[in-house]
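[1] Sequence below, structure please.
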Amino acid sequence: MIDILHTASLEVLNGTLAGKSFPLHDETLVGRSEEESADYDSHIRLPDSRVSRQHARIIRRNGGYVIQDLDSTNGTLLNARPLTPKEFYALREGSNLQLGGVHLRFRPATSGNDDAPAGCSWESEVGHNEGAFDLALIAGDGLAERQASTASLLLVGSKSTKPDLSMAIDAQEALQLLKANLDEDRVAATDVQRRLRALAQVSIGLGGQNNHEDLLAKVMDFIFDIFPAAEHAYGLLCIEPGQCGESLKPVVAMSREERSVEAVLSRAIVNEVISRHRAILSSDASSDKRFDSHESIIGLGIRSVMCVPLLLDDEVLGLIQVDTCSTHAFDSEDLQILSGIGVQAAIALKNLGLVEDIRQLFEGFVTASVHAIEARDPSTAGHSFRVAEYSQRLAEAVGRSSVPALREVNFTREQMNELRYAALLHDFGKVGVREHVLTKSHKLYPRQFELMQARFQYACASLERHAYRELLDQQELEQLSAEEFRIRRRRMERNLAQETQRIRQFMALIVEANEPAVFHQTIPPALQQVVDYCFPGEGGEPIPLLSAFEMEALTLARGSLTPDERQEIEYHVSHTYAFLQHIPWTKGLASVPDIAYSHHEKLDGSGYPRGLGREQIPLQARIMTVTDIYDALTAGDRPYKQSLPEELALDILRDEAARGKIERDLVNIFIDSNAYRLLPER
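    Here you go, the predicted structure:
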């Protein structure tokens, strides 16, 4: 019996085993258990699927303990640092371990000479700095686990050593001084506070803009709030990086009264701002020589002008100009504030550019993925792009619909993007399907059909050989006269011709049965005659004309796939889901995997791969189901089917809706809105 209180142990900090301690032996194995077990002798079992069956081991060594990761799938973390598999790392009091989603803390023995004392100095094989700072933040997946989480913080250092300070002030005294200054000049302080609030609003407001025009328009609105005398504000952007002087484009130009006016700028000031990265202030534009060549400045009666660059990392992204016709002249403080706004705007513009770069990169990745799918089956080229376009059109029509069940539906931009990406990538899992199954055009593969044809030819030859051998045997036994021999030969040849013609008819029947059907079809009864037909082999033994496998394939009521092949094709949805789960989708696109995963589900639970019911299928997936079926029916001829006319395809959609397979309202909206007539090439 081991006394846990006096031996080294591991304490579980979260999950179902939170608070439980496991004693450590000379060698202890840590791994996964599918269910909680009471057998922990030299084996710690953790009920977490992310923990490998043999994840790590802890060994007593030189009076202490070391841990070794056993090349686990998800790795082991010691004080938030990943361990190199097979390498040994020392444990010390309070060391935090993470295996999968389970967090544990190492506790050394409280007495005895076998373990290192709790407070002794040590050096970890992870690094000498590990002893200086030990921070563990443990958070479980559920609310209860998070509430039960603990955090430990260890700061190590000499209490007698004073910190090295460059400057120190009394914070309380500073606050009192600030308050006294504010009291002395309440009016000025109020103006400063207003401007500071406005600048804070600029910083906050710019974060929610999605394009350059909206961002600069928002900046102009803030400028009019911050500068009461400002009458015009212009925002210009550089189209070509590094050539701002030649590619400056006005994006926003407005006055306090109008949202759109003509931008009036001085070329001299613009060149100064862009080339020398300087903010310019003109207190009296009418007497400023820099405006001599620009009559519009004088004609408009502009008195004071500020112009600042949108500067970031020594790169000019554009500029902002503010002017006024009033007697109030902008001062240096105004210019400093406008320069600060310019910096904030430049950062926001740069961030928008980075976001756009990431978006274009991801769009390129998605496009390349779709092309990779279609490269394996060129006959389906364009299918994913068409389904995405149809789905977006149908989703927009749903938002405009007055159907009671869908009246409240209005897809956001993020939800439309989710639908689009899910539609583009819904068939990506087909890369995991064997190519000959993916492109199977008939019920029998070409090689199988050729082998069957050879058997039919062999059957004709075998019948002929067998008939002539039988005639020769009769001649030898009965010593037939020449006339009788001729009579029997003609009779034999007539019978042989009949059998040969029968086999040819069988072959024609099989050629017809080998063609896949879009609709369920009745299997011709004559196929049973082919199955029952046998011909004599080399030794006269009966050989069937068709094998059981061939008969199973030829009697498929619909399509070209056998049940096993169809199951393999249907599993592409699971492959798609597994692939999409590896992508770190943003919050606005988090539902993409689930939408793509459900696009072959049916309302009555007869779909695949999970057999979901209507309430379990996302609306976007129900939309994609309608458009996917329609495009599959009307797409250009494929090896296994012909293209169907629009009206016939729509009739099939109506029939599927009537049988409770797909959403009736969505089918009606798809048809009534003419969303199916989207593509001119149709």
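
[2] for the stretch 251-400 of the chain, which spans come out with low pLDDT?
    Within the stretch 251-400 of the chain, the set of residues satisfying pLDDT under 70 comprises 284-302, 379.

[3] With the stretch 551-682 of the chain instead?
    557-560, 636-641, 678-682.

[4] Please apply the same query to the stretch 1-150 of the chain.
    Looking at the stretch 1-150 of the chain by pLDDT under 70, you get 1-6, 34-41, 110-150.

[5] quick one, helices of it?
    With helices called from DSSP state H, counting those that start in this stretch, the stretch 1-150 of the chain shows them at 143-147.

[6] now swap in the stretch 251-400 of the chain and tell me
    Under DSSP H, counting those that start in this stretch, the stretch 251-400 of the chain gives helices at 267-276, 295-299, 332-376, 383-400.

[7] for those, which one sits closest to Glu418?
    helix 383-400 (10.1 Å; Cβ to Cβ). Heads up, the C-betas are built off the backbone N, CA and C, glycines and all.

[8] Isn't Glu601 up against Pro618?
    No: when contacts are counted by Cβ atoms under 8 Å, Glu601 is not listed as touching Pro618 (9.6 Å).

[9] Buried ones in stretch 613-625, by neighbour count?
    Of the residues in stretch 613-625, Ile617, Pro618, Leu619, Gln620, Ala621, Arg622, Ile623, Met624, Thr625 count as buried by neighbour count, 16 or more other Cβ atoms under 10 Å.

[10] All the strands of the stretch 201-350 of the chain, residue numbers only.
    Using DSSP state E, counting those that start in this stretch, the strands found in the stretch 201-350 of the chain span residues 232-238, 248-255, 280-282, 304-312, 315-324.

[11] Mind listing residues that contact the third one?
    Around strand 280-282, the neighbours that count as contacts under Cβ atoms under 8 Å, 6 or more residues apart in numbering are 269, 272-273, 288, 290-291, 304-308, 330-332, 334-335.

[12] what about Ile358, how many residues close to it?
    By the criterion of other Cβ atoms under 10 Å, Ile358 has 11 neighbours.

[13] do you know how far it is from Trp585?
    Look at Ile358 and Trp585: by Cβ to Cβ, to the nearest Å, they are 13 Å apart.

[14] roughly how far out does stretch 353-371 sit from the chain middle?
    12 Å (Cα atoms, centre = their mean, to the nearest Å).

[15] CA atoms only for that stretch - export them in CSV, please.
    C-alpha atoms of stretch 353-371 as CSV (Å, rounded to 0.1, in the frame of the first residue of the first chain):
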residue,chain,number,x,y,z
GLY,A,353,-4.4,45.8,-47.0
LEU,A,354,-3.1,42.9,-45.0
VAL,A,355,-6.6,41.5,-44.5
GLU,A,356,-7.2,41.9,-48.3
ASP,A,357,-3.9,40.1,-49.0
ILE,A,358,-4.9,37.3,-46.6
ARG,A,359,-8.3,37.1,-48.3
GLN,A,360,-6.8,36.9,-51.8
LEU,A,361,-4.3,34.3,-50.6
PHE,A,362,-7.2,32.2,-49.2
GLU,A,363,-9.3,32.8,-52.3
GLY,A,364,-6.3,31.5,-54.4
PHE,A,365,-6.0,28.5,-52.1
VAL,A,366,-9.7,27.7,-52.4
THR,A,367,-9.6,28.1,-56.2
ALA,A,368,-6.5,25.8,-56.4
SER,A,369,-8.3,23.3,-54.3
VAL,A,370,-11.3,23.3,-56.5
HIS,A,371,-9.1,22.8,-59.6
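
[16] Please list the outside residues in contact with it.
    Defining contact as Cβ under 8 Å, 6+ apart, one finds that stretch 353-371 is touched by Ser384, Phe385, Tyr421, Leu424, Leu425, Phe428.

[17] farthest pair in these?
    Phe385 and Phe428 (13.3 Å).

[18] which one of the two has more residues nearby?
    Comparing Phe385 with Phe428 by other Cβ under 10 Å, the one with more neighbours is Phe428, at 22 against 17.

[19] Noted, bye for now.
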